[in-house]
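In: Have a look at this prediction, sequence included:
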Amino acid sequence: MRRLLVFFLALQIMALLLAGCSIPFLGNIFGRSDKTDGNSEMIGLEDIQASNVSIDADDVSGTDGRNLDPGGAYGGVYDARRDNGNWAGDAAGSAFESDYGDGSYHNPDAEVGSGISDVSDGAGSGPYGTGVLSAQSVSGVNYSEPRRPVTVYYQDEDGCLVPMTRWIQPQLGIARAAVSLAIDSPLTREETAYYGVYPVIPEGTRILGIDIRNGTAVIDFSRQLLSYGTAWSERNIVAAIVYTLTEFETVDKVRILINGYPVGVLKYGTDLSEPLGREDLMINTEPVRATSGLQKEKLDVYFMKRANDEFAYAVPVSVAIDSSEADLNPGTLVRLLLETVPGGGVYTEIPEGTYLRGSYVQDGTVFLDFSGEFLDYGGTEREETILKQLAYTLRQCDGIRKIRITVDGRTAELPEGTYISSGLVIPATLNDVMDRG
């Protein structure tokens, strides 16, 4: 009887094996995939690697280090709220709802290059409802792309704001990443000190949220942003944030919040009650008030500032002018560059006495005709610097791709032989010396 039972048991085991049944921990010995049911397939390690998903720790954690929703970070939806109702962190490929308590939603990833549509009401909302963006809208993001440049504003030991090109990996929230590079920390100081520049935004400051829509970036900081002690520092912090964000084509104005709320007038008089653009701020110079009933506006021109023995940088300097003359055209900008006498360690390499005889724009090229004094210099470095000042100043003009230079109405060869006959190309980057390794 016992032998008969053993025989029947052996027959049952063989039947199970022939049917392709998998044994726990050993898997399917016939090579078929394991399935828990008809719809849910188990994911192996090779499937995760093949998905090419790259997520930083901050993408799935709040700024206080708490893990918000690691599942949602891989394409799900989560609603991250801090104790005060503000959101913290963002998620690569996720739909993010940020509730500020006033019924508005601020999407940290609706930025340049993110590929995420911005939804603030029921019209055009994603499948997850009003105010929540669909993860499907970023399915085409490729994290293996080459690094891309962003412009970040630092300061030197004299407090002069210096635009620097930083090269970072393509990522969701590229504008947020750019501003983050200006926040003081031991790592950032170590990265920048060799170049003679330092972070502007106070140490410990956190970016709680950022939303870009209709040309305005709303950026929310923690209260550490206000940890400064001078009027100059206050102006530099605000200008660095506004100028960094307005380097993106989709941003014209910036509104700064603290812990989700407007802050009004800061302690040294900077008014943050309304969004600010570059036209509202004086950079690397003292504010100028209107006098004699004339309304003053400003334009920026580029001079040079030596940061240390190794590096000198082109820096924007605001020049106050009457509103009737505030046309952002090449002729006006170049005349301001030639006529303004900078101070405070800021200097120009353009020869003294040079003036602009005429200018015009044709097919994306600006033609500049200078007086003979323009060629009164020597030295390759000085020649390169002069061309940088012109190119960076005219870079602000929309549609300008090249600069053609003549002297006294004739084609000229520069003293050090820089070839400009085919036109000087407007650069895409500013002070591009970092992250070049």
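Out: It's in.

In: Where do the helices of this protein begin and end?
Out: 2-18, 45-50, 57-60, 174-180, 186-193, 231-245, 330-339, 380-394 (DSSP state H).

In: low-scoring pLDDT stretches of the stretch 101-250 of the chain, where are they?
Out: The stretch 101-250 of the chain contains residues with pLDDT under 70 at 101-145.

In: cool, and the stretch 301-437 of the chain?
Out: 324-326, 437.

In: hmm, 80 instead?
Out: For the stretch 301-437 of the chain, residues meeting the criterion pLDDT under 80 lie at 323-328, 437.

In: all strands for it, in order.
Out: Taking DSSP state E, counting those that start in this stretch to define them, one finds strands in the stretch 301-437 of the chain at 312-322, 346-347, 356-362, 365-370, 402-407, 410-411, 424-425.

In: okay if I get these as CSV plus mean neighbour count?
Out: Using the backbone N, CA and C atoms, a C-beta is placed for each residue, glycine as well. Listed next are the strands of the stretch 301-437 of the chain as CSV, based on neighbours: other C-beta atoms under 10 Å:
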stretch, mean neighbour count
strand 312-322, 20
strand 346-347, 17
strand 356-362, 14
strand 365-370, 20
strand 402-407, 18
strand 410-411, 8
strand 424-425, 16
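
In: These: which one's closest to residue 431?
Out: Of all the strands of the stretch 301-437 of the chain, it is strand 312-322 that lies closest to residue 431, at 4.7 Å by C-beta to C-beta.

In: ok, now how distant is residue 151 from residue 344?
Out: In this view, residue 151 and residue 344 are 22 Å apart by C-beta to C-beta, to the nearest Å.

In: These two: who's more crowded?
Out: residue 151 (21 against 13; other C-beta atoms under 10 Å).

In: Could you double-check that that one lies in contact with residue 167?
Out: No: the pair residue 151 / residue 167 is not scored as a contact, 11.0 Å apart, by C-beta atoms under 8 Å.

In: got the domain boundaries for the chain?
Out: Structural domains annotated on the chain: 68-135+143-281, 327-425, as defined by automatic domain parsing.

In: how about those domains, which one is nearest residue 317?
Out: Residue 317 sits nearest to domain 327-425 of all the domains of the chain, at 5.9 Å, using C-beta to C-beta.

In: Using CSV, list the CA coordinates for stretch 175-185.
Out: Output in CSV follows, covering the C-alpha atoms of stretch 175-185 (Å, rounded to 0.1, in the frame of the first residue of the first chain):
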residue,chain,number,x,y,z
ALA,A,175,15.2,76.6,-13.9
ARG,A,176,15.0,75.4,-10.3
ALA,A,177,18.3,73.7,-10.8
ALA,A,178,19.9,76.9,-12.1
VAL,A,179,18.8,79.0,-9.1
SER,A,180,19.9,76.2,-6.7
LEU,A,181,23.5,76.6,-7.9
ALA,A,182,23.5,80.1,-6.5
ILE,A,183,22.6,79.0,-2.9
ASP,A,184,25.6,79.1,-0.5
SER,A,185,26.9,75.8,0.7
